[in-house]
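*Asks:* With the input below, show me the fold.
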Amino acid sequence: MFQIKWICPTAPTRPVALLGGFPYTAWFDVGELSAEGPDDWEGLDASAAYIVNLLSTEPSDVEVGIGGFSMGSAMALYSATAFAVGRYGNGNPYNINLRAIVGLSGWLPGSRCLRNKIEVSHEAARRAASLPIMLGHGTCDDVVPYKYGETSAHSLSAAGFRNLTFKNYEGIGHYTVPKEMNDVCNWLTARLELEGSR
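*Replies:* The predicted structure follows:
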């Protein structure tokens, strides 16, 4: 019998430039949503380390995955890249083994330089190729436009993340629907070999 434990942390409150500097629950600061926009590497690293710290208290035989929605999705995808490279953006080692990543209605921070980081290391390429990732995005998302989800999937694939599933949800905005949640459950069941556990 398999058991799944969900840990659902809330991001800390911090000023967010995109929201005029007003405090908001956010994993990192966002100035603009665009491929050319600056990434808050310090905030990304701090939040990724916070998540690793939460997960590191689990027993060693537990298979660990990270998932999120919107900014949580961006955080999950950043964690996937840190896992593959073996270190955070600040150079500190990323020391937890990830088995699955789910990102819904989000984007990939640092997509511009990801491929170069993966290609320079055989070990990074191996980890990237073996990590299962599922991305889902509504085609009518007015907060994180669909094109960012699509571009993120392309960037991950081009960088060597071979075990990638990207699903679009026609007519869906910045929210989830039961079909998407069913797709996530079915995908996790297959990837983590949980058949017979329901």
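*Asks:* Tell me which stretches of this protein form helices.
*Replies:* For the chain, the helices defined by DSSP state H occupy 41-55, 71-85, 111-119, 122-130, 146-158, 178-191.
*Asks:* export those helices to TSV and tack on mean neighbour count, mean pLDDT and distance to Ile101?
*Replies:* Bear in mind the C-beta positions are built from the backbone N, C-alpha and C, glycine included. Shown next, in TSV, are the helices of the chain (neighbours: other Cβ atoms under 10 Å; pLDDT from 0 to 100; distance: least, Cβ to Cβ, whole Å):
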stretch	mean neighbour count	mean pLDDT	distance to Ile101
helix 41-55	18	92	12
helix 71-85	26	95	5
helix 111-119	16	85	14
helix 122-130	16	94	11
helix 146-158	19	94	9
helix 178-191	14	92	10
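*Asks:* Tabulate these (TSV), appending distance to Tyr94.
*Replies:* As requested, those are exported to TSV (distance: least, Cβ to Cβ, whole Å):
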stretch	distance to Tyr94
helix 41-55	7
helix 71-85	4
helix 111-119	12
helix 122-130	10
helix 146-158	17
helix 178-191	21
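*Asks:* what's the closest of the ones you listed to Gly65?
*Replies:* Relative to Gly65, the nearest member of the helices of the chain by Cβ to Cβ is helix 178-191, separated by 7.5 Å.
*Asks:* Quick one: list the elements packing against the closest one.
*Replies:* Where contact means 3 or more Cβ pairs under 8 Å, 6 or more residues apart in numbering; DSSP states H and E, helix 178-191 is packed against strand 98-104, strand 133-138, strand 164-169.
*Asks:* now with 10 Å?
*Replies:* Under the contact criterion of 3 or more Cβ pairs under 10 Å, 6 or more residues apart in numbering; DSSP states H and E, helix 178-191 touches strand 64-69, strand 98-104, strand 133-138, strand 164-169.
*Asks:* list the contacts for Thr165?
*Replies:* The neighbourhood of Thr165, defined by Cβ atoms under 10 Å, 6 or more residues apart in numbering, consists of 102, 132-136, 153, 183, 187, 190-191.
*Asks:* ignore the last one, Asn163
*Replies:* Neighbouring residues of Asn163 by Cβ under 10 Å, 6+ apart: 100-101, 128-134, 156, 191.
*Asks:* try Arg191
*Replies:* Neighbouring residues of Arg191 by Cβ under 10 Å, 6+ apart: 63, 65, 99-102, 131-134, 163, 165.
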